[in-house]
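1. Test case, fold it:
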Amino acid sequence: MMEKEILIDDADSVEIVSAPYSKKEVPLKFKLLNYLTLSFFRWDLIFFFKKERNNFDVNIIYDLNLLPLGLFFKKDDKGLLIYETIDDNVNLTMYNLIKIFPLFNLVKYPILYFLKKIEVILVEKYYDALIVNSRYLFDLLAVTKTKIINYYSSPFENIELINT
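-> Numbering: from 1, shown residues only. As a prediction, the model looks like this:
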């Protein structure tokens, strides 16, 4: 909402697109697909937003759950595609998964390795910019010099960045 207010103050038109239904209403085929990817991705929403997408000047994806949406935004689409994350969502999702299913602790590290690689590859290949809120996430996801890396962080992290 803060970003929306800032953009509107600059005379930009802003539309926030979010899930049109609750998690309880997810169709069975997508529930199965979501579970097959261990709930790291919300395929129901990915396909919904792919179908409902308008041509915006800037598209900001705020969650790992929707990161594969970048696969469907073609290079010739109008607008920037930005991934913004404020958490290490791969580790956070795995933590929540292990709380529910402790047996996943046995295969935790291969899954984490694989999904972190997927996150980095998708950001590098399909996203124009990345917004993170800490040095840790910056180091984790700053994978290429061709990306614009913006971040807002604590002044205690002693980060100096030229803001263009």
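
2. Quick check: mean pLDDT of the biggest helix by length in the chain?
-> Secondary structure assigned by DSSP state H gives helix 108-126 as the longest helix of the chain. Mean pLDDT, taken over the full extent of helix 108-126, equals 92.

3. can you pull out the strands in the protein?
-> 58-61, 80-85, 129-132, 148-151 (DSSP state E).

4. Would you mind putting these into CSV with distance to Phe49 and mean neighbour count alongside?
-> The C-beta positions use only the backbone N, C-alpha and C, and glycine is treated the same way. Rendered in CSV, the data for these read as follows (distance: least, C-beta to C-beta, whole Å; neighbours: other C-beta atoms under 10 Å):
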stretch, distance to Phe49, mean neighbour count
strand 58-61, 9, 18
strand 80-85, 12, 20
strand 129-132, 18, 20
strand 148-151, 22, 15
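
5. For the closest residue to Asp63 other than its chain neighbours, which residues are in contact?
-> Spatial nearest neighbour of Asp63, excluding adjacent residues (C-beta to C-beta, 6 or more residues apart in numbering): Asn89 at 6.9 Å. The contact partners of Asn89, by C-beta atoms under 8 Å, 6 or more residues apart in numbering, come to 63-65, 119.

6. follow-up on the earlier one: between the strands of the chain, which gets the lowest average pLDDT?
-> The bottom spot among the strands of the chain, by mean pLDDT, belongs to strand 148-151, with a mean of 57.
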